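Participant: Mind folding the following:
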Amino acid sequence: AYNTGAAFSLGSSMPGGRWLLIAIRLGALAFVYYLFTRPEANSRLFLVGLGMVGGGAIGNLSETIFYGKVTDFIQFWGTPAIKSTWPWPTFNIADMVLLIGVGLMVIYSIITPDPKKVAAQEAEKASPVKKARRGKKS
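Facilitator: Residues are numbered from 1 along each chain as shown. Got it, this is the predicted structure:
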């Protein structure tokens, strides 16, 4: 199947949609590059997820630039009892890699504590010690 739009063929019938999608995808790649410079990039899980997002975006971007459409060739059939899974929308490897990368980044954000909260907890732990030390010296 050929997809001239974004996910689920969104924007495929829009005039100038190809160029808009190229601009959006280039902006997304610029954002991925920015995220590589963030402190989170020290985490292997975050880096792998970010690399997968970038790779999937480059895959779809290159097809859009060269062919004006993305070739979707993976089709799953769920169960007819659940209409939204019969059939599942067709996708490609770049879409799958991108989705897995986003999932890894979500997992990273869930399992990694907020640095501000960690710093606040460490400050709370340190302050009674400082008070106790001051009391012993006087």
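
Participant: Do a quick rundown of the helices in this protein.
Facilitator: Assigned by DSSP state H, the helices in the chain fall at 17-36, 44-67, 93-111, 115-137.

Participant: any idea which of these is most buried?
Facilitator: Mean neighbour count (mean count of other Cβ atoms under 10 Å) peaks for helix 44-67 among these, with a mean of 18. Placement of C-beta: from N, CA and C, glycine included.

Participant: pLDDT on it, on average?
Facilitator: For helix 44-67, the mean pLDDT works out to 90.

Participant: Which neighbouring elements make contact with it?
Facilitator: The contact analysis (3 or more Cβ pairs under 8 Å, 6 or more residues apart in numbering; DSSP states H and E) places helix 44-67 against helix 17-36, strand 70-71, helix 93-111.

Participant: Nearest residue to the residue most central in space within the chain in space, ignoring adjacent ones along the chain?
Facilitator: With distances taken as Cα atoms, centre = their mean, the residue of the chain nearest its centroid is Val102 (3.1 Å). The shortest distance from Val102 to any non-neighbouring residue, by Cβ to Cβ, 6 or more residues apart in numbering, is to Val53 (6.0 Å).
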